[in-house]
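Undergrad: Next one to model:
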Amino acid sequence: MPTTVSELERWFSEERLVPYRAACDGASGKAVDLYGWNAVVSAALWRTLGHVEILLRQAMHRELLAWSRNHRGDDRWYIACGDYLTARARSDVCRARRRVTKFGKPETPGRVVAELNLGFWRYLLASHYERTLWLSCLRRAFPHLHGLRKHLERPVADLHRLRNRLAHHEPIHHLPIEELSQKALLVAGWIDPAARDWIYAGDTVRQVINRRLRAAPGS
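TA: The predicted structure is shown next:
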(Lines give C-alpha, C1' and ligand atoms only; values in the text may rest on other atoms or scores of the structure.)
Protein backbone atom coordinates (compact mmCIF):
# COMPACT_ATOMS: atom_id res chain seq x y z
CA MET A 1 0.00 0.00 0.00
CA PRO A 2 1.62 3.30 -1.07
CA THR A 3 2.29 5.86 1.64
CA THR A 4 4.16 9.14 2.07
CA VAL A 5 7.02 10.23 4.28
CA SER A 6 4.65 12.67 6.00
CA GLU A 7 2.44 9.76 7.04
CA LEU A 8 5.43 7.83 8.37
CA GLU A 9 6.50 10.89 10.35
CA ARG A 10 3.01 11.22 11.80
CA TRP A 11 2.86 7.53 12.71
CA PHE A 12 6.43 7.01 13.93
CA SER A 13 7.78 10.58 14.59
CA GLU A 14 9.76 13.03 12.52
CA GLU A 15 12.93 12.22 14.47
CA ARG A 16 12.78 8.58 13.44
CA LEU A 17 12.68 9.51 9.76
CA VAL A 18 15.57 12.00 9.91
CA PRO A 19 18.37 9.49 9.15
CA TYR A 20 16.38 8.02 6.25
CA ARG A 21 15.78 11.44 4.73
CA ALA A 22 19.47 12.25 5.16
CA ALA A 23 20.54 9.00 3.51
CA CYS A 24 18.32 9.84 0.52
CA ASP A 25 19.36 13.51 0.26
CA GLY A 26 15.88 14.57 1.29
CA ALA A 27 14.08 12.61 -1.44
CA SER A 28 10.81 11.70 0.29
CA GLY A 29 9.87 8.73 -1.90
CA LYS A 30 13.28 7.13 -1.52
CA ALA A 31 13.18 7.69 2.24
CA VAL A 32 9.88 5.80 2.45
CA ASP A 33 11.33 2.90 0.45
CA LEU A 34 14.49 2.85 2.58
CA TYR A 35 12.49 2.84 5.81
CA GLY A 36 10.47 -0.12 4.58
CA TRP A 37 13.54 -1.99 3.36
CA ASN A 38 15.33 -1.39 6.66
CA ALA A 39 12.44 -3.14 8.41
CA VAL A 40 12.57 -6.10 6.01
CA VAL A 41 16.32 -6.66 6.28
CA SER A 42 16.14 -6.19 10.06
CA ALA A 43 13.58 -9.01 10.24
CA ALA A 44 15.85 -11.25 8.16
CA LEU A 45 18.80 -10.54 10.45
CA TRP A 46 16.66 -11.11 13.55
CA ARG A 47 15.98 -14.67 12.45
CA THR A 48 19.62 -15.57 11.96
CA LEU A 49 20.85 -13.67 14.99
CA GLY A 50 18.13 -15.14 17.20
CA HIS A 51 19.15 -18.70 16.36
CA VAL A 52 22.83 -17.91 16.91
CA GLU A 53 22.16 -16.19 20.23
CA ILE A 54 20.29 -19.22 21.58
CA LEU A 55 22.95 -21.59 20.22
CA LEU A 56 25.68 -19.52 21.88
CA ARG A 57 24.07 -19.31 25.29
CA GLN A 58 23.15 -23.00 25.29
CA ALA A 59 26.71 -24.04 24.40
CA MET A 60 28.18 -21.82 27.12
CA HIS A 61 25.52 -22.88 29.64
CA ARG A 62 26.26 -26.54 28.96
CA GLU A 63 29.97 -26.14 29.73
CA LEU A 64 29.41 -23.93 32.76
CA LEU A 65 26.90 -26.46 34.10
CA ALA A 66 29.33 -29.36 33.65
CA TRP A 67 32.13 -27.42 35.36
CA SER A 68 29.90 -26.41 38.26
CA ARG A 69 28.66 -29.96 38.81
CA ASN A 70 32.16 -31.38 38.79
CA HIS A 71 33.88 -28.72 40.89
CA ARG A 72 31.16 -27.23 43.09
CA GLY A 73 28.47 -29.93 43.16
CA ASP A 74 25.81 -27.42 42.13
CA ASP A 75 23.85 -27.10 38.88
CA ARG A 76 23.41 -23.39 39.58
CA TRP A 77 26.71 -22.37 38.02
CA TYR A 78 25.70 -18.71 38.14
CA ILE A 79 25.88 -19.01 41.95
CA ALA A 80 28.77 -21.47 42.13
CA CYS A 81 30.87 -19.22 39.87
CA GLY A 82 29.87 -16.09 41.74
CA ASP A 83 33.39 -15.43 42.99
CA TYR A 84 34.57 -15.27 39.36
CA LEU A 85 31.80 -13.03 38.04
CA THR A 86 32.08 -9.26 37.85
CA ALA A 87 29.71 -7.08 39.87
CA ARG A 88 27.79 -6.31 36.69
CA ALA A 89 27.40 -10.01 35.85
CA ARG A 90 26.25 -10.82 39.39
CA SER A 91 23.69 -8.04 39.13
CA ASP A 92 22.42 -9.48 35.83
CA VAL A 93 22.07 -12.88 37.49
CA CYS A 94 20.16 -11.43 40.46
CA ARG A 95 17.69 -9.70 38.16
CA ALA A 96 17.25 -12.87 36.09
CA ARG A 97 16.54 -14.94 39.20
CA ARG A 98 13.97 -12.41 40.42
CA ARG A 99 12.17 -12.45 37.08
CA VAL A 100 12.06 -16.25 37.04
CA THR A 101 10.52 -16.55 40.52
CA LYS A 102 8.34 -13.41 40.37
CA PHE A 103 5.06 -15.30 39.96
CA GLY A 104 5.91 -18.23 42.18
CA LYS A 105 7.55 -20.41 39.55
CA PRO A 106 10.47 -22.56 40.73
CA GLU A 107 13.96 -21.44 39.83
CA THR A 108 15.82 -23.73 37.46
CA PRO A 109 19.14 -23.11 35.69
CA GLY A 110 17.38 -23.31 32.33
CA ARG A 111 14.88 -20.61 33.25
CA VAL A 112 17.58 -18.32 34.63
CA VAL A 113 19.75 -18.79 31.54
CA ALA A 114 16.83 -17.86 29.28
CA GLU A 115 16.55 -14.53 31.13
CA LEU A 116 20.20 -13.57 30.56
CA ASN A 117 20.59 -11.44 27.46
CA LEU A 118 23.28 -11.56 24.80
CA GLY A 119 25.27 -8.85 26.57
CA PHE A 120 25.77 -11.14 29.56
CA TRP A 121 27.21 -13.92 27.40
CA ARG A 122 29.27 -11.51 25.30
CA TYR A 123 31.03 -10.20 28.42
CA LEU A 124 31.72 -13.73 29.70
CA LEU A 125 34.00 -13.97 26.66
CA ALA A 126 35.97 -10.85 27.65
CA SER A 127 39.63 -10.85 28.69
CA HIS A 128 38.59 -10.55 32.35
CA TYR A 129 37.67 -14.26 32.30
CA GLU A 130 40.64 -15.48 30.24
CA ARG A 131 42.40 -17.28 33.11
CA THR A 132 39.29 -18.41 34.93
CA LEU A 133 36.08 -19.39 33.16
CA TRP A 134 37.54 -19.38 29.65
CA LEU A 135 40.41 -21.76 30.34
CA SER A 136 38.47 -23.92 32.80
CA CYS A 137 35.36 -24.52 30.70
CA LEU A 138 34.07 -21.93 28.22
CA ARG A 139 36.65 -22.69 25.53
CA ARG A 140 35.07 -26.14 25.23
CA ALA A 141 31.82 -24.52 24.09
CA PHE A 142 33.61 -23.65 20.82
CA PRO A 143 35.33 -26.88 19.73
CA HIS A 144 35.75 -25.67 16.14
CA LEU A 145 37.39 -22.36 17.04
CA HIS A 146 40.97 -22.65 15.83
CA GLY A 147 42.15 -19.42 17.34
CA LEU A 148 42.33 -17.34 20.49
CA ARG A 149 39.53 -16.18 22.76
CA LYS A 150 39.82 -12.64 21.37
CA HIS A 151 39.14 -13.96 17.87
CA LEU A 152 35.74 -15.10 19.16
CA GLU A 153 35.01 -12.09 21.36
CA ARG A 154 35.29 -9.56 18.53
CA PRO A 155 32.53 -10.94 16.27
CA VAL A 156 30.30 -11.68 19.27
CA ALA A 157 30.73 -8.05 20.37
CA ASP A 158 29.72 -6.92 16.87
CA LEU A 159 26.64 -9.14 17.01
CA HIS A 160 25.75 -7.76 20.44
CA ARG A 161 25.84 -4.21 19.10
CA LEU A 162 23.76 -5.28 16.12
CA ARG A 163 21.20 -6.93 18.37
CA ASN A 164 20.81 -3.74 20.38
CA ARG A 165 20.17 -1.74 17.21
CA LEU A 166 17.62 -4.28 16.01
CA ALA A 167 15.89 -4.36 19.40
CA HIS A 168 15.47 -0.58 19.33
CA HIS A 169 14.33 -0.57 15.68
CA GLU A 170 17.26 1.65 14.70
CA PRO A 171 18.58 2.13 11.15
CA ILE A 172 20.96 -0.60 10.00
CA HIS A 173 20.86 0.07 6.24
CA HIS A 174 24.26 1.79 6.44
CA LEU A 175 25.95 -1.15 8.17
CA PRO A 176 27.83 -3.99 6.44
CA ILE A 177 24.74 -6.17 6.67
CA GLU A 178 25.94 -9.20 4.75
CA GLU A 179 29.24 -9.19 6.64
CA LEU A 180 27.38 -9.17 9.96
CA SER A 181 25.20 -12.05 8.80
CA GLN A 182 28.35 -13.99 7.92
CA LYS A 183 29.84 -13.24 11.35
CA ALA A 184 26.77 -14.76 12.97
CA LEU A 185 27.21 -17.91 10.88
CA LEU A 186 30.93 -17.96 11.66
CA VAL A 187 30.24 -17.99 15.40
CA ALA A 188 27.64 -20.73 14.92
CA GLY A 189 30.18 -22.81 13.01
CA TRP A 190 32.69 -22.55 15.84
CA ILE A 191 30.07 -24.14 18.08
CA ASP A 192 28.58 -26.73 15.72
CA PRO A 193 28.94 -26.80 11.91
CA ALA A 194 25.68 -28.73 11.54
CA ALA A 195 23.80 -26.03 13.45
CA ARG A 196 25.45 -23.38 11.29
CA ASP A 197 24.37 -25.15 8.11
CA TRP A 198 20.78 -25.41 9.34
CA ILE A 199 20.69 -21.70 10.23
CA TYR A 200 22.27 -20.79 6.89
CA ALA A 201 19.66 -22.83 4.99
CA GLY A 202 16.95 -20.51 6.28
CA ASP A 203 18.92 -17.28 6.13
CA THR A 204 17.32 -14.73 3.78
CA VAL A 205 19.63 -11.74 4.23
CA ARG A 206 21.39 -12.21 0.90
CA GLN A 207 18.07 -12.55 -0.94
CA VAL A 208 16.74 -9.35 0.65
CA ILE A 209 19.87 -7.48 -0.41
CA ASN A 210 19.72 -8.90 -3.94
CA ARG A 211 16.08 -7.91 -4.36
CA ARG A 212 16.94 -4.34 -3.46
CA LEU A 213 19.89 -4.30 -5.86
CA ARG A 214 17.70 -5.62 -8.69
CA ALA A 215 15.09 -2.95 -7.97
CA ALA A 216 17.65 -0.13 -8.01
CA PRO A 217 17.53 2.23 -11.02
CA GLY A 218 19.92 1.18 -13.77
CA SER A 219 20.27 -2.37 -12.46
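Undergrad: In this protein, where is pLDDT below threshold?
TA: Residue ranges of the chain with pLDDT under 70: 1-2, 216-219.
Undergrad: If we use 50, what do you get?
TA: Applying pLDDT under 50 to the chain flags residues 219.
Undergrad: Which single helix of it contains the most residues?
TA: helix 28-72 (DSSP state H).
Undergrad: I'd like the next helix or strand past that helix.
TA: Counting by DSSP states H and E, the next helix or strand C-terminal to helix 28-72 is helix 77-80.
Undergrad: What sits closest to residue 165 if chain neighbours are left out?
TA: Closest residue to residue 165 apart from its sequence neighbours, by CB to CB, 6 or more residues apart in numbering: residue 172 at 5.6 Å. Just so you know, the C-beta spots here come from the backbone N, C-alpha and C atoms, and that holds for glycine as well.
Undergrad: Surely the one you found and residue 43 touch.
TA: No: using CB atoms under 8 Å, residue 172 makes no contact with residue 43, being 11.0 Å away.
Undergrad: Looking at the two, which one has more neighbours?
TA: Taking other CB atoms under 10 Å, residue 172 and residue 43 do not tie; residue 172 has more neighbours (17 against 13).
Undergrad: Backbone dihedrals for that one, both of them.
TA: Torsion angles at residue 172 (phi, psi; degrees, to the nearest 10) stand at phi -130, psi 0.
Undergrad: And residue 105, by the same measure?
TA: phi -70, psi 150.
Undergrad: give me every residue that touches it.
TA: If you count contacts by CB atoms under 8 Å, 6 or more residues apart in numbering, residue 105 has them with residue 111.
Undergrad: Let me know whether residue 192 touches residue 55 as I believe.
TA: Yes: counting by CB under 8 Å, residue 192 touches residue 55, with 7.2 Å between them.
Undergrad: The two: who's more crowded?
TA: More neighbours surround residue 55 than the other of residue 192 and residue 55, with 20 against 17 (other CB under 10 Å).
Undergrad: how about the helices in the chain?
TA: Using DSSP H, helices in the chain cover 5-12, 14-23, 28-72, 77-80, 87-101, 109-115, 118-124, 135-136, 149-167, 177-191, 193-201, 205-215.
Undergrad: Residue 142: which of these is closest?
TA: Comparing these by their distance to residue 142 (CB to CB), the top pick is helix 177-191, with 4.5 Å.
Undergrad: before we move on, back to that, in contact with the residue nearest to residue 165, which residues?
TA: So residue 172 contacts 38, 41-42, 45, 162, 165-166 (CB under 8 Å, 6+ apart).
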